[in-house]
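*Asks:* sequence below, structure please.
(one chain, ligands or ions: 1)
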Amino acid sequence: MARRRQLFEGKAKVIFEGPEPGTLVQHFKDDASAFQDRKTGTITGKGVINNRISEHLMMKLSDIGIPTHFMRRLNMREQLIREVEIIPLEVVVRNVVAGSLVKRFGLIEGTPLPRSIVEYYYKSGELGDPMVNEEHITAFGWASPPELDEMMSLTLRINDFMSGLFMGIGIRLVDFRLEFGRLWEEDQMRIVLADEISPDSCRFWDTKTDEKMDRDRFREDMGGVKEAYQEVARRLGILPESGPADMRGPELMQ
Ligand code: UDP
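*Replies:* Numbers count the residues shown, from 1 in each chain. As a prediction, the model looks like this:
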């Protein structure tokens, strides 16, 4: 197999050059990290599950008219995506109090929020992804006011759709993180959903038991991380037929 050019390696994913101009290959690793990379580990099979979950959610969102970078899944760990210019923001939506909201405001974890809250963080590992507001974003030129409006409107639609989808399978969508990019077609630019949506980037709680089914299991050393991710995939109806034994998938070739 021809060696592919690796363009970027992140905590949980690797981006390779795609087969055609304007495309990239997104490869999902089993590596896990938390607390700005101060905690790292490996969860065997996580990449395979996240590839499937993200594919499923991106396709569902596309069905309701949300533009995304997703093109198609290539194999167990990889998907073909459109090359976009990533906007350096993490857009976080919260429906229920958890994580940093507990620490910042002394709120009780699990309290439903009176309305969904959207927050922006500037993507910079070096700076620890500081929280920013519209003033910083537009003053520093990370996104223009119309781009911000578009991201906010897409984010709220995604939140409504995903909250309903997960409620239907007994999962509470507590909060999640999105990334967006600029997609250039001819001389037109569109804001599209990028990166991934998976238990690495969302907080999922079982509606009945409040059990955590996401990366917090890794953050908090709760164990059963892979099983929880698998259960999310199972409820979405997308576990590979051959079951858990099949979850290892091909390893990353450098
Ligand atoms: N999140 C993420 N990547 C980050 C930071 C946050 O995917 O770098 C997700 C996180 O999994 C959660 C939501 O965004 O679903 C809100 O996270 P929070 O601000 O509470 O920070 P955390 O508790 O994850 O440090």
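
*Asks:* next to the ligand, which bits of this protein? Give me the list.
*Replies:* Residues of the chain that fall close to the ligand, judged by Cβ under 6 Å from any ligand atom: 90, 92, 98-101, 129, 175-177, 201-203, 215. (Each C-beta comes from the backbone N, C-alpha and C, glycine too.)

*Asks:* nearest to E227, of these?
*Replies:* R215 (13.7 Å; Cβ to Cβ).

*Asks:* ok, now which ones touch the closest one?
*Replies:* By Cβ atoms under 8 Å, 6 or more residues apart in numbering, the residues touching R215 are A32, A34, P199, D200, S201, V225.

*Asks:* next one, pLDDT for it please.
*Replies:* On pLDDT, R215 comes in at 97.

*Asks:* give me the buried entries from the residues of the chain next to the ligand.
*Replies:* Burial by neighbour count, 16 or more other Cβ atoms under 10 Å: within the residues of the chain next to the ligand this picks out E90, V92, A98, L101, D129, D175, F176, R177, S201, C202, R203, R215.

*Asks:* tell me if the third one really is in a helix.
*Replies:* Just to be clear, that refers to A98. No. Applying DSSP: H, G, I helix; E, B strand; the rest coil, one finds A98 to be coil, outside a helix.

*Asks:* test my guess that it contacts R203.
*Replies:* Yes. When contacts are counted by Cβ atoms under 8 Å, A98 is listed as touching R203 (5.4 Å).

*Asks:* residues shared between the contacts of the two?
*Replies:* Residues touching both A98 and R203 by Cβ under 8 Å, 6+ apart: V174, D175, D216.

*Asks:* closest to Y122 out of those?
*Replies:* Using Cβ to Cβ, these come closest to Y122 at D175, 18.2 Å.

*Asks:* in contact with that closest one, which residues?
*Replies:* D175 touches V92, V93, R94, N95, V96, A98, G99, L101, C202, R203, counting by Cβ under 8 Å, 6+ apart.

*Asks:* highest neighbour count among the contacts of R215?
*Replies:* P199 (28 neighbours; other Cβ atoms under 10 Å).

*Asks:* shouldn't that residue be within a helix?
*Replies:* No. Read with three-state DSSP, P199 is coil and lies in no helix.

*Asks:* that one reaches E231, doesn't it?
*Replies:* No. Using Cβ under 8 Å, P199 makes no contact with E231, being 9.5 Å away.

*Asks:* residues near G65, how many?
*Replies:* 8.

*Asks:* pLDDT at it, what is it?
*Replies:* 98.

*Asks:* for P19, same thing?
*Replies:* 97.

*Asks:* give me the phi and psi for it.
*Replies:* Phi and psi for P19, reported as degrees, to the nearest 10, are phi -70, psi -20.

*Asks:* do the same with D200
*Replies:* phi -80, psi -30.

*Asks:* okay, and which of the buried ones among the residues of the chain next to the ligand map to helices?
*Replies:* If you go by DSSP state H, those have L101 in helices.

*Asks:* what's near enough to touch I169?
*Replies:* R235, L236.

*Asks:* next, it: secondary structure please.
*Replies:* coil.

*Asks:* got a pLDDT number for it?
*Replies:* For I169, the model assigns a pLDDT of 98.

*Asks:* now do the strands in this structure.
*Replies:* 6-9, 13-17, 23-28, 31-34, 39-42, 70-73, 78-82, 85-86, 89-96, 112-122, 131-132, 171-185, 188-194, 202-206 (DSSP state E).

*Asks:* which of those strands sits closest to W142?
*Replies:* strand 89-96 (6.1 Å).

*Asks:* from the contacts of R215, which is closest to T42?
*Replies:* Using Cβ to Cβ, the contacts of R215 come closest to T42 at A32, 6.7 Å.
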